[in-house]
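Enquirer: Mind looking at a prediction? Sequence and model below.
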Amino acid sequence: GSGFSWRSLLAVTMTQTEADDLRLRFTAVSGGDTNVRAAYTTLVAPSWQQTWSAPGNDISEWRSLQMPADPPARVRIASPPVPKNGTALRAEVRDGDVAVNSAGAPIAGGWRAEAVGPQEAASQQPVRYEWSTLLDTSYPVNPMGADGKPIWQVITQWHQGDADVGGSPPIALILVGDEIRLHLHKSDPANPNASVEVGQYPVAALSRGTWHDFQLEVRWALSGGYVKIWHNGQAKADVQNIQTLFPTRANAAEAGTAYLKMGLYRKASPVGAGPFILYHDEVRRFQLQ
């Protein structure tokens, strides 16, 4: 009843599928003649802005290192056997490799050689990580522990910031047999010292001596988060409405933090094989703007 004029309505963020099926429908709810003379829609695509990178040129690109105190350095910058873009982050773990923290105290729970990257907090805007990983051709095939069972191996993880909450990290990439898998956990509401497995999702066959290119997108949240992962440009998993951050110990309703760790973290059980050597390169973090 107010005559012709341009009117606008800001729509909520939509998925690609919804955008592909976008249509406008006008319904008259009262009054006499109703005319729509013109209408149009503007779609604005968000952009990813790089906020951090570790291109594999210098160890100072990382916040800190977790590896045994005795030389030679288990985490260092080196030339990979298959060139990608110059040097890369090299991680090596041998039987008995107990890492120490920045204060020189042993880190319990397994043997490791890891570099520590950015910390994440709850946000409505997702973040994306991109990186490449190469396992040396000598990397052991399905290593067995002293108990005769395959050992667990973590090559990338986002570890909970509150170390006293939960067990396994909320997001990790693990090796199972000859397969790389996305491994997700949520906190155990009945036991703040434990976590519950959400699932394991196949990502790629574990080919040695070749580079694996990964992209992982995540919305960090105590609830309603999601994780998507791509391998060599192919979508592999899309897990929605999950917990991607554990709560703090002080407040179960408050989201904690998580931080990136790359290298290798494996079960503390002699396997009589090795060393375990792998490379991570061109690690980048992006924020959706």
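Expert: Here it is on my side, so go on. Numbering: from 1, shown residues only.
Enquirer: Pull stretch 212-220 out as CSV, backbone CA atoms only.
Expert: Provided in CSV are the C-alpha atoms of stretch 212-220 (Å, rounded to 0.1, in the frame of the first residue of the first chain):
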residue,chain,number,x,y,z
HIS,A,212,49.6,-35.9,0.1
ASP,A,213,47.8,-32.5,-0.2
PHE,A,214,45.2,-31.8,2.5
GLN,A,215,42.6,-29.2,3.1
LEU,A,216,40.7,-29.1,6.3
GLU,A,217,37.8,-26.7,7.1
VAL,A,218,36.5,-26.5,10.6
ARG,A,219,34.1,-24.3,12.7
TRP,A,220,35.4,-24.3,16.2
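Enquirer: which residues are in contact with it?
Expert: Applying CB atoms under 8 Å, 6 or more residues apart in numbering, the external contacts of stretch 212-220 come out as 120-134, 156, 158, 171, 173, 180, 203-204, 225-233, 244-245, 255, 258. C-beta here means a position set from N, CA and C on the backbone, and glycine is covered the same way.
Enquirer: Can I have the buried ones of these as a PyMOL selection?
Expert: Listed next is the PyMOL selection for buried residues among these, using 16 or more other CB atoms under 10 Å:
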select buried, resi 120+122+123+126+127+128+129+130+131+132+133+134+156+158+171+173+180+203+204+225+226+227+228+229+230+231+244+245+255+258
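Enquirer: what about the helices in the stretch 151-289 of the chain?
Expert: Using DSSP state H, counting those that start in this stretch, the stretch 151-289 of the chain contains no helices.
Enquirer: Check the secondary structure at Ser60 for me.
Expert: Judged by DSSP: H, G, I helix; E, B strand; the rest coil, the three-state class of Ser60 is helix.
Enquirer: Just give the number of residues close to it.
Expert: Other residues within reach of Ser60, judged by other CB atoms under 10 Å, total 8.
Enquirer: where in the stretch 1-150 of the chain is pLDDT low?
Expert: Within the stretch 1-150 of the chain, the ranges that satisfy pLDDT under 70 run 1, 12-13.
Enquirer: and with 80 instead?
Expert: Within the stretch 1-150 of the chain, the segments meeting pLDDT under 80 span 1-3, 10-16, 29-34, 45-46.
Enquirer: Does Lys228 touch Thr244 like I think?
Expert: No. Under the criterion of CB atoms under 8 Å, Lys228 lies out of contact with Thr244, with a separation of 11.4 Å.
Enquirer: and Val127, what does it touch?
Expert: For Val127, the contacting residues are 120, 217-220, 285-288, by CB under 8 Å, 6+ apart.
Enquirer: I'd like to know which of those are buried.
Expert: Buried members of the contacts of Val127, counted by 16+ other CB under 10 Å: 120, 217-220, 285-286, 288.
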